[in-house]
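Student: Based on what follows, work out the 3D shape:
(one chain, ligands or ions: 1)
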Amino acid sequence: MITNEELFQIAKEIVKNSYSPYSNFPVGAAVLYEDGTIYKGVNVENSSLGLTLCAERNAISTAIAQGQKGKIEAIAIYAPKEKMCAPCGACRQWIWEFSNNGNTRIIIEGENGGLYETTIKELLPLGFNL
Ligand code: THU
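Tutor: Reported below is the predicted structural model:
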(Lines give C-alpha, C1' and ligand atoms only; values in the text may rest on other atoms or scores of the structure.)
Protein backbone atom coordinates (compact mmCIF):
# COMPACT_ATOMS: atom_id res chain seq x y z
CA MET A 1 0.00 0.00 0.00
CA ILE A 2 1.55 3.28 -1.11
CA THR A 3 1.82 6.07 1.46
CA ASN A 4 0.81 9.71 0.99
CA GLU A 5 4.49 10.63 1.08
CA GLU A 6 5.31 8.17 -1.72
CA LEU A 7 2.45 9.39 -3.92
CA PHE A 8 3.45 12.99 -3.30
CA GLN A 9 7.06 12.12 -4.19
CA ILE A 10 5.87 10.84 -7.58
CA ALA A 11 4.06 14.16 -8.22
CA LYS A 12 7.28 15.91 -7.24
CA GLU A 13 9.39 13.89 -9.68
CA ILE A 14 7.09 14.39 -12.69
CA VAL A 15 6.84 18.18 -12.30
CA LYS A 16 10.12 18.56 -14.21
CA ASN A 17 8.17 17.65 -17.38
CA SER A 18 5.71 20.52 -17.00
CA TYR A 19 5.31 22.73 -20.06
CA SER A 20 4.53 26.08 -18.46
CA PRO A 21 6.57 28.81 -20.21
CA TYR A 22 3.77 31.39 -19.92
CA SER A 23 2.92 31.22 -16.24
CA ASN A 24 6.22 29.73 -15.03
CA PHE A 25 4.04 27.85 -12.56
CA PRO A 26 4.80 24.14 -12.99
CA VAL A 27 2.42 21.57 -11.53
CA GLY A 28 2.74 17.78 -11.22
CA ALA A 29 0.03 15.30 -10.29
CA ALA A 30 0.03 11.60 -9.39
CA VAL A 31 -3.28 9.76 -9.36
CA LEU A 32 -3.70 6.51 -7.45
CA TYR A 33 -6.57 4.26 -8.53
CA GLU A 34 -8.27 1.71 -6.28
CA ASP A 35 -6.48 -1.13 -8.10
CA GLY A 36 -3.14 0.38 -7.08
CA THR A 37 -2.17 1.77 -10.48
CA ILE A 38 -0.63 5.23 -10.57
CA TYR A 39 -0.80 7.69 -13.46
CA LYS A 40 1.09 10.96 -13.75
CA GLY A 41 0.38 14.31 -15.34
CA VAL A 42 1.79 17.82 -15.68
CA ASN A 43 0.27 21.10 -16.76
CA VAL A 44 0.59 21.82 -20.49
CA GLU A 45 0.22 25.44 -21.55
CA ASN A 46 -0.36 26.98 -24.96
CA SER A 47 0.28 30.36 -26.58
CA SER A 48 -3.50 30.55 -26.83
CA LEU A 49 -3.58 30.85 -23.05
CA GLY A 50 -7.10 29.63 -22.36
CA LEU A 51 -6.23 26.22 -23.81
CA THR A 52 -4.02 25.30 -20.85
CA LEU A 53 -4.45 21.80 -19.49
CA CYS A 54 -3.98 21.30 -15.75
CA ALA A 55 -1.76 18.55 -14.35
CA GLU A 56 -4.66 16.78 -12.62
CA ARG A 57 -6.80 16.51 -15.74
CA ASN A 58 -3.76 15.42 -17.74
CA ALA A 59 -3.13 12.56 -15.28
CA ILE A 60 -6.79 11.49 -15.27
CA SER A 61 -6.98 11.64 -19.10
CA THR A 62 -3.90 9.45 -19.26
CA ALA A 63 -5.54 6.91 -16.95
CA ILE A 64 -8.65 6.78 -19.11
CA ALA A 65 -6.60 6.51 -22.31
CA GLN A 66 -4.73 3.55 -20.77
CA GLY A 67 -8.03 1.75 -20.16
CA GLN A 68 -8.48 2.48 -16.45
CA LYS A 69 -12.11 1.86 -15.46
CA GLY A 70 -11.89 2.20 -11.68
CA LYS A 71 -12.29 4.92 -9.10
CA ILE A 72 -9.64 7.33 -7.87
CA GLU A 73 -8.39 6.49 -4.38
CA ALA A 74 -6.10 9.52 -4.03
CA ILE A 75 -4.40 12.30 -5.97
CA ALA A 76 -1.22 14.11 -4.99
CA ILE A 77 -0.53 17.55 -6.43
CA TYR A 78 2.77 19.40 -6.28
CA ALA A 79 3.51 22.98 -7.32
CA PRO A 80 7.05 24.06 -6.36
CA LYS A 81 6.01 27.72 -6.28
CA GLU A 82 3.04 27.37 -3.93
CA LYS A 83 2.29 25.39 -0.81
CA MET A 84 -1.33 24.32 -0.33
CA CYS A 85 -1.80 24.19 -4.12
CA ALA A 86 -5.33 22.76 -4.21
CA PRO A 87 -6.97 21.70 -7.50
CA CYS A 88 -8.82 24.34 -9.53
CA GLY A 89 -12.60 24.18 -9.85
CA ALA A 90 -12.56 22.39 -13.21
CA CYS A 91 -10.18 19.73 -11.85
CA ARG A 92 -12.35 19.26 -8.76
CA GLN A 93 -15.29 18.33 -10.97
CA TRP A 94 -13.04 15.95 -12.95
CA ILE A 95 -11.84 14.25 -9.78
CA TRP A 96 -15.44 14.06 -8.52
CA GLU A 97 -16.46 12.24 -11.72
CA PHE A 98 -14.13 9.33 -10.92
CA SER A 99 -14.33 9.36 -7.13
CA ASN A 100 -16.01 6.76 -4.95
CA ASN A 101 -18.83 8.75 -3.29
CA GLY A 102 -16.56 11.78 -3.03
CA ASN A 103 -14.08 9.94 -0.82
CA THR A 104 -11.05 10.47 -3.08
CA ARG A 105 -8.21 11.80 -0.93
CA ILE A 106 -6.45 14.98 -2.05
CA ILE A 107 -2.84 15.28 -0.93
CA ILE A 108 -1.00 18.59 -1.17
CA GLU A 109 1.90 20.30 0.55
CA GLY A 110 0.91 21.83 3.88
CA GLU A 111 1.95 25.27 5.07
CA ASN A 112 4.26 23.76 7.69
CA GLY A 113 6.23 21.66 5.21
CA GLY A 114 4.35 18.42 5.92
CA LEU A 115 1.50 17.08 3.83
CA TYR A 116 -2.12 18.25 3.99
CA GLU A 117 -4.90 15.78 3.27
CA THR A 118 -8.54 16.45 2.47
CA THR A 119 -11.22 14.80 0.31
CA ILE A 120 -12.89 15.79 -2.93
CA LYS A 121 -16.29 15.97 -1.22
CA GLU A 122 -14.83 18.51 1.18
CA LEU A 123 -13.43 20.60 -1.69
CA LEU A 124 -16.50 20.20 -3.90
CA PRO A 125 -19.71 19.94 -1.88
CA LEU A 126 -22.67 18.84 -4.01
CA GLY A 127 -20.48 18.00 -7.02
CA PHE A 128 -22.46 17.72 -10.23
CA ASN A 129 -23.85 14.36 -11.39
CA LEU A 130 -25.77 13.98 -14.62
N1 THU B 1 -2.74 24.53 -12.82
C2 THU B 1 -2.76 23.17 -12.69
O3 THU B 1 -2.04 22.45 -13.39
N4 THU B 1 -3.62 22.65 -11.78
C5 THU B 1 -4.46 23.37 -10.98
O6 THU B 1 -5.27 22.79 -10.28
C7 THU B 1 -4.37 24.82 -10.97
C8 THU B 1 -3.58 25.44 -12.06
C9 THU B 1 -1.81 25.12 -13.79
C10 THU B 1 -2.47 25.75 -14.98
C11 THU B 1 -1.43 26.75 -15.44
O12 THU B 1 -0.54 26.09 -16.32
C13 THU B 1 -0.69 27.12 -14.17
O14 THU B 1 -1.06 26.16 -13.19
C15 THU B 1 -1.01 28.52 -13.66
O16 THU B 1 -2.37 28.71 -13.58
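
Student: When you work out contacts or count neighbours from here on, use the C-alpha atoms and nothing else.
Tutor: OK.

Student: For the residue nearest to the spatial centre of the chain, which non-adjacent residue is closest in space?
Tutor: Ranked by distance to the mean C-alpha position of the chain (CA atoms, centre = their mean), the top residue is Glu56 at 3.5 Å. Leaving out its chain neighbours, the residue that sits closest to Glu56 by CA to CA, 6 or more residues apart in numbering is Ala29, at 5.4 Å.

Student: my read: the one you found touches Gly41, true?
Tutor: Yes - assessed by CA atoms under 8 Å, Ala29 is found in contact with Gly41 at 5.2 Å.

Student: Which residues are in contact with each of the two?
Tutor: Counting by CA atoms under 8 Å, 6 or more residues apart in numbering, the common neighbours of Ala29 and Gly41 are Ile14, Ala55, Glu56, Ala59.

Student: Roughly how far does the last one sit from Ile72?
Tutor: Pointing back at Ala59 there. As judged by CA to CA, to the nearest Å, Ala59 and Ile72 stand 11 Å apart.

Student: okay, those two: which has more neighbours?
Tutor: Ile72 (27 against 23; other CA atoms under 10 Å).

Student: Test my guess that the more buried one contacts Ala30.
Tutor: No - using CA under 8 Å, Ile72 makes no contact with Ala30, being 10.7 Å away.

Student: Okay, strands next: where are they in the chain?
Tutor: 28-33, 38-42, 72-78, 105-109, 115-119 (DSSP state E).

Student: could those go into a markdown table alongside distance to the ligand and mean pLDDT?
Tutor: A markdown table is the format used below for the strands of the chain (distance: least, CA to the nearest ligand atom, whole Å; pLDDT from 0 to 100):
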| stretch | distance to the ligand | mean pLDDT |
| --- | --- | --- |
| strand 28-33 | 7 | 98 |
| strand 38-42 | 6 | 98 |
| strand 72-78 | 8 | 98 |
| strand 105-109 | 11 | 98 |
| strand 115-119 | 15 | 98 |
